[in-house]
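J.: Quick one, structure for this:
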Amino acid sequence: ADLAIGITTAAFVRRNSSESSVISEKGEQLGAYLADGSLLLIVLTVFILPRPPTTWAMHLNGWEPLLDHGLALPIAAFLLGSCTESGRPGGIGAKLLAHSALVSLGEMSFEVYIFQRPMHDIFGIFLDNDTSTVFMVYVPILWIFAACYKKHVQTPLDAWLRSQTSDWARAAGIRDESEAFTVMEVSMPENYEALQLVDRSLDQ
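T.: Coordinates of the predicted model:
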């Protein structure tokens, strides 16, 4: 279901962001309201959910179905409402998230995701992870480590891989990363065909 929601949302975003798409000012305003309302719902859900009495401090065990999958629709609604034809972020929340400081943090979010569990376990060997004091130390160290890894390991590795595959990219007619999406037709035919099917249904 999450994959279907993601594919459908991507198709709508591509359609709304295309040069041939014409969205009225009122439509963009409604999209901004949708984006802000969805973001507010996500934030309230994450921060206001009561902690089950049978779980550990600072944990929400028992809410996994909601947090893992139940927020897929609000996230999709935020993405759909915040991506406008003009290219400017739609809604207050999207403008806030487009701030350069938050964008910089977002650029290393994948590294944070990769290393959060190993670093959490390392902290747990020496400290009590279920205290707010340790958590406040853990978070900045995690982000600093992720930033260093991205700058000194991941970015040079990506550059090397691009240099090694440049001949293949030129042979495939790919001039930049934006055109790499067309390779999905070969490398991931099922996902590509599903996206094309949604595109055709929207055109009807």
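J.: so for the longest helix along the chain, what's the average pLDDT?
T.: Taking residue count as the measure and DSSP state H as the definition, the longest helix of the chain comes out as helix 25-48. Confidence for helix 25-48, expressed as mean pLDDT, is 86.
J.: Distance from the chain centre to the next helix or strand after it, please.
T.: For helix 25-48, the succeeding helix or strand toward the C-terminus, using DSSP states H and E, is helix 64-65. Distance, stretch centre to chain centre, for helix 64-65: 19 Å (CA atoms, centre = their mean, to the nearest Å).
J.: The longest helix of the chain: which residues count as buried?
T.: Across helix 25-48, burial judged by 16 or more other CB atoms under 10 Å covers 28, 31-32, 34-39, 41-42. No exception for glycine: its C-beta is placed from N, CA and C like everyone else's.
J.: Would you mind extracting the C-alpha trace of that helix into PDB?
T.: Taking C-alpha atoms only, helix 25-48 is exported to PDB below (Å, rounded to 0.1, in the frame of the first residue of the first chain):
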ATOM      1  CA  GLU A  25      -4.000  30.700  -7.800                       C
ATOM      2  CA  LYS A  26      -6.900  29.400  -5.800                       C
ATOM      3  CA  GLY A  27      -5.700  25.800  -6.500                       C
ATOM      4  CA  GLU A  28      -2.200  26.600  -5.200                       C
ATOM      5  CA  GLN A  29      -3.700  28.200  -2.100                       C
ATOM      6  CA  LEU A  30      -5.800  25.000  -1.400                       C
ATOM      7  CA  GLY A  31      -2.700  23.000  -2.000                       C
ATOM      8  CA  ALA A  32      -0.900  25.100   0.600                       C
ATOM      9  CA  TYR A  33      -3.700  24.500   3.100                       C
ATOM     10  CA  LEU A  34      -3.500  20.800   2.400                       C
ATOM     11  CA  ALA A  35       0.300  20.800   2.900                       C
ATOM     12  CA  ASP A  36       0.100  22.800   6.200                       C
ATOM     13  CA  GLY A  37      -2.800  20.700   7.600                       C
ATOM     14  CA  SER A  38      -1.100  17.500   6.800                       C
ATOM     15  CA  LEU A  39       2.200  18.600   8.300                       C
ATOM     16  CA  LEU A  40       0.400  19.800  11.400                       C
ATOM     17  CA  LEU A  41      -1.300  16.400  11.700                       C
ATOM     18  CA  ILE A  42       2.000  14.500  11.400                       C
ATOM     19  CA  VAL A  43       3.700  16.700  14.100                       C
ATOM     20  CA  LEU A  44       0.800  16.500  16.500                       C
ATOM     21  CA  THR A  45       0.500  12.700  16.000                       C
ATOM     22  CA  VAL A  46       4.200  12.200  16.800                       C
ATOM     23  CA  PHE A  47       4.400  14.500  19.800                       C
ATOM     24  CA  ILE A  48       1.000  14.100  21.400                       C
END
